[in-house]
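**Q** mind looking at a prediction? Sequence and model below.
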Amino acid sequence: QLVESGGGLVQPGGSLRLSCTASGSSLDGFAIAWLRQAPGKEREVVSCISSGGATRNYADFAKGRFTHFRDNAKNTVYLQMNSLRPEDTAIYYCAADQLPSYQIAVACPPDYGSWGQGTQVTVSS
């Protein structure tokens, strides 16, 4: 089971770091994605990272502002979000699946086998 943390209320231009861990299991061998869903909108992929961490892919809105990385020794995956905007307000989910690196390099898939419960990110002054 995946567990997200780190969400909260932040002012525009601020930063947050989201974390995703696995309760009772290992993230080794799994590609991890961050997805988000804003009220009234469809869920969208934010970013994804290969099991080894060497390959990453980002949605256009995340490029240059968000960094997705993992620490396998800590069994944790992170999403560092900088220069946050009000339109980044959403529930952020981490998701996992066994995916090859070449697939991550091409694009982040929309569906995954395991999901967390989500963490709310609100960007507002």
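**A** Okay, I see it.
**Q** so what's the gap between stretch 111-122 and the chain middle?
**A** Put simply, stretch 111-122 sits 8 Å off its chain's centre (CA atoms, centre = their mean, to the nearest Å).
**Q** now it - C-alpha only, CSV.
**A** The C-alpha trace of stretch 111-122 is given here as CSV (Å, rounded to 0.1, in the frame of the first residue of the first chain):
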residue,chain,number,x,y,z
ASP,A,111,-2.9,3.7,-15.3
TYR,A,112,-1.0,1.8,-12.5
GLY,A,113,-1.5,-1.3,-10.4
SER,A,114,-1.1,0.3,-7.0
TRP,A,115,-2.3,3.6,-5.7
GLY,A,116,-2.0,5.8,-2.6
GLN,A,117,-4.8,7.6,-1.0
GLY,A,118,-3.6,11.0,-2.1
THR,A,119,-2.5,14.2,-0.4
GLN,A,120,-4.0,17.6,-0.8
VAL,A,121,-2.0,20.4,-2.2
THR,A,122,-3.5,23.9,-2.1
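**Q** so for it, mean pLDDT?
**A** Throughout stretch 111-122, pLDDT has a mean value of 96.
**Q** break down this structure into its strands, ranges please.
**A** 2-5, 8-10, 16-22, 31-37, 44-49, 56-58, 66-71, 76-81, 90-97, 114-115, 119-123 (DSSP state E).
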